[in-house]
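Participant: Here is the input, now give the coordinates:
(2 chains)
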Amino acid sequence: METSFLIEKGILILVIWGITMLIALYSTFGERVVAAYFQDRRGPNRAGPGGLLQPLADGVKMFTKEDFIPNTPNKWLFIFGPALFMTTALLTSSVLPWGDKLNIFGYEVSLFVADINVAILFILGVISIGVYGIMIGGWASNNKFALLGAVRASSQMISYEVAMGLSIIALLMLSGTLSVREIAAQQGGDFLGISGMKWNIFYQPLGFLIFLVCAFAETNRTPFDLPECEAELIGGYHTEYSSMKLGFFLFAEYISMFISSAIIATLYFGGYNYPGVNWVADHIGPNIATILGVVVLFAKIIFFIFFYMWVRWTLPRFRYDQLMNLGWKILIPLAIANIIITGTAILLLN
Amino acid sequence: MTFYIFLFLAALAVFCGLMTVTSRNPVHSVIFLIGCFFAIAGHYLLLNAQFLAVVHIIVYAGAIMVLFLFTLMMMNLNEASEGHKPALARISAVVSAGLLLFILIAALKKTEPFAPPLTIDHSIGLVKALGNTLLNEYLLPFEFVSILLLSSMVGAVLIAKRDKSPKPELE
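Facilitator: Presented below is the predicted three-dimensional model:
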């Protein structure tokens, strides 16, 4: 374990953490601006130029509110819930590739934190652990509505995990690897003669659609935002939370939105690859090509974050039984059919 | 370094295991059991079995324990609702646990000290090696296990399905 290796990875972790936080922070602002645009009003525009300081004002408000802990026998678990939820939301970013190799004064830096052999499984594992933060928090609140909201949220997440895993299996059959870095690198190949366009979306359109729907359900976003329902459940699992603990729950939603956008962009939309990546590397320089790749990746991520918001202000929400029917009776059979189609296609074409 | 990580994980596993048994609140027990699973997954990682570690987390911590937690939370068990166990049940529990400990100690005493193989294959726990072994050498047992899982799944659905036929009169 060399020191330079540790320093390199440490800096990368800090940078990725910072970017995640920044993007999540400005997603809260972006959400309100997008909502305002869709509803033909102005949105937040008072704090700072164009309302740009609004997220900071919101953060200060959250921190300075009274931190109320309800009369519960499980005080530690009540605190542990949001902390765990936040941790699991941040964990996935460690296995995602944020770019190709960067050459700094002869020292080669790979823009990912950990290239583990089973990265896809790691992502699925972290997603399945994400349920605990909500469940523990909701249960420790000692409140019927919080418990019901937690049960609703976690049963929704468990149900859609299955279809999500099945849709990834078809992708794995194509790529033949469990490492996200290799999946991203493979998509740099040629497609119809254009380099850097061998994106998985062209080979797995159905799988992508299933994955996208499941990602919406996993992040508890509209049209699947049923854990929070004023008429039935008050605030859902975070009914009893206040101050920054509530802030953690709300903020972690934006972080998981960012992370799931990054996963979608990496798995299906070529990650850091863009058309003509080889030409840029040959004619302008590999470092420029890599930096451009990072910029392109973040552009894709921000597009998907916008897509989340677009859907939120366009589609009405589902009813709970419709949600369960969609998950178990439509998406899972579709995902299995997708696996069979992919397998047949691989057999016939090779 | 690895040795200290091992010590830490082992202590964590034992501590969580003890707390699982001694916690009065069943939900706390489940949470400590999840902690124990994580410690054991850490041991798998130390042994370079990445696949086993991650699958252990997904299957046990991510699926089975969530269902445990679900059931316990919905039942809302706590110290007050814990029934008083008769003395006979307590004594039999202690005796059976003691017997299990006795058997474990006897079995461990009999084992030979573990000699590590001279050449260690570092890729043995990785997905590729595991997949090749499973689908080449152990294909038949692998298929049998999948059929067993499928049939148990169908059975669970059948049990959970609402009975449409009118119920027979109970005496």
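Participant: what's the closest non-adjacent residue to the closest residue to chain B within the stretch 251-350 of chain A?
Facilitator: Distances between the stretch 251-350 of chain A and chain B by Cβ to the nearest Cβ are smallest at A:Trp328, namely 10.7 Å. In short, each C-beta sits where N, CA and C put it, glycine included. Closest residue in space to A:Trp328, ignoring its immediate chain neighbours: A:Ser159 at 6.2 Å, by Cβ to Cβ, 6 or more residues apart in numbering or on different chains.
Participant: Now do the buried residues in the strand or helix carrying that neighbour.
Facilitator: Assigned by DSSP states H and E, A:Ser159 belongs to helix A:144-175. Applying a neighbour-count criterion of 16 or more other Cβ atoms under 10 Å in any protein chain shown, one finds A:145-175 buried in helix A:144-175.
Participant: next one: stretch A:300-317
Facilitator: Quick answer for stretch A:300-317 (16+ other Cβ under 10 Å): A:300-302, A:304-305, A:308-309, A:312.
Participant: and which of those residues is nearest B:Met65?
Facilitator: A:Tyr308 (29.7 Å; Cβ to Cβ).
Participant: Could you tell me the average pLDDT over the helix ranked longest in chain B, please?
Facilitator: As assigned by DSSP state H, the longest helix anywhere in chain B is helix B:87-110. Mean pLDDT, computed over helix B:87-110, is 89.
Participant: list the helices and strands the following helix or strand past that helix packs on?
Facilitator: Next along the chain after helix B:87-110, taking DSSP H and E as the criterion, comes helix B:127-136. Helix B:127-136 sits against helix B:50-56, with contacts defined as 3 or more Cβ pairs under 8 Å, 6 or more residues apart in numbering or on different chains; DSSP states H and E.
Participant: Could you check how far B:Ala11 is from B:Leu33?
Facilitator: Using Cβ to Cβ, to the nearest Å, B:Ala11 is found at 16 Å from B:Leu33.
Participant: which of those two has more neighbours?
Facilitator: B:Leu33 (21 against 11; other Cβ atoms under 10 Å in any protein chain shown).
Participant: is it true that that one touches B:Thr20?
Facilitator: Yes: under the criterion of Cβ atoms under 8 Å, B:Leu33 makes contact with B:Thr20 at 4.7 Å.
Participant: Now for the residue most central in space within chain B: which residues touch it?
Facilitator: With distances taken as Cα atoms, centre = their mean, the residue of chain B nearest its centroid is B:Tyr60 (6.3 Å). B:Tyr60 makes contact with B:Phe37 under the criterion Cβ atoms under 8 Å, 6 or more residues apart in numbering or on different chains.
Participant: for A:Trp313, same thing?
Facilitator: Taking Cβ under 8 Å, 6+ apart, one finds A:34-35, A:38-39 in contact with A:Trp313.
Participant: For chain B, which residues are neighbours of chain A?
Facilitator: B:1, B:27, B:31, B:34, B:50-51, B:54-55, B:57-58, B:61-63, B:66, B:69-70, B:73-74, B:78, B:126-127 (Cβ under 8 Å from any Cβ of the partner chain).
Participant: Skip the chain neighbours and tell me the closest residue to the one residue in chain B that gets nearest to chain A.
Facilitator: Per Cβ to the nearest Cβ, B:Gly62 is where chain B lies closest to chain A, at 2.8 Å. Distances taken as Cβ to Cβ, 6+ apart place A:Ser128 nearest to B:Gly62, at 2.8 Å, with adjacent residues excluded.
Participant: wait, that neighbour sits on A:Glu161?
Facilitator: Yes: with contact defined as Cβ under 8 Å, A:Ser128 reaches A:Glu161; the gap is 5.9 Å.
Participant: shared neighbours of the two, which are they?
Facilitator: Common neighbours of A:Ser128 and A:Glu161 (Cβ under 8 Å, 6+ apart) are B:Gly62.
Participant: Pull up the distance across stretch A:88-105, start to finish.
Facilitator: Length of stretch A:88-105, first residue to last, Cα to Cα, to the nearest Å: 35 Å.
Participant: and that stretch, how far from the chain's centre?
Facilitator: Centroid separation for stretch A:88-105 versus its chain: 14 Å, with Cα atoms, centre = their mean, to the nearest Å.
Participant: Does it reach chain B?
Facilitator: No: using Cβ under 8 Å from any Cβ, stretch A:88-105 never reaches chain B; the gap is at least 10.7 Å.
Participant: Quick one: mean pLDDT over that stretch.
Facilitator: Stretch A:88-105 comes out at a mean pLDDT of 81.
Participant: Checking whatever residue of the stretch 1-150 of chain A ends up closest to chain B next. Helix, strand or coil?
Facilitator: Among the residues of the stretch 1-150 of chain A, A:Ser128 lies closest to chain B, at 2.8 Å counting by Cβ to the nearest Cβ. Assigned state for A:Ser128: helix (three-state reduction, DSSP: H, G, I helix; E, B strand; the rest coil).
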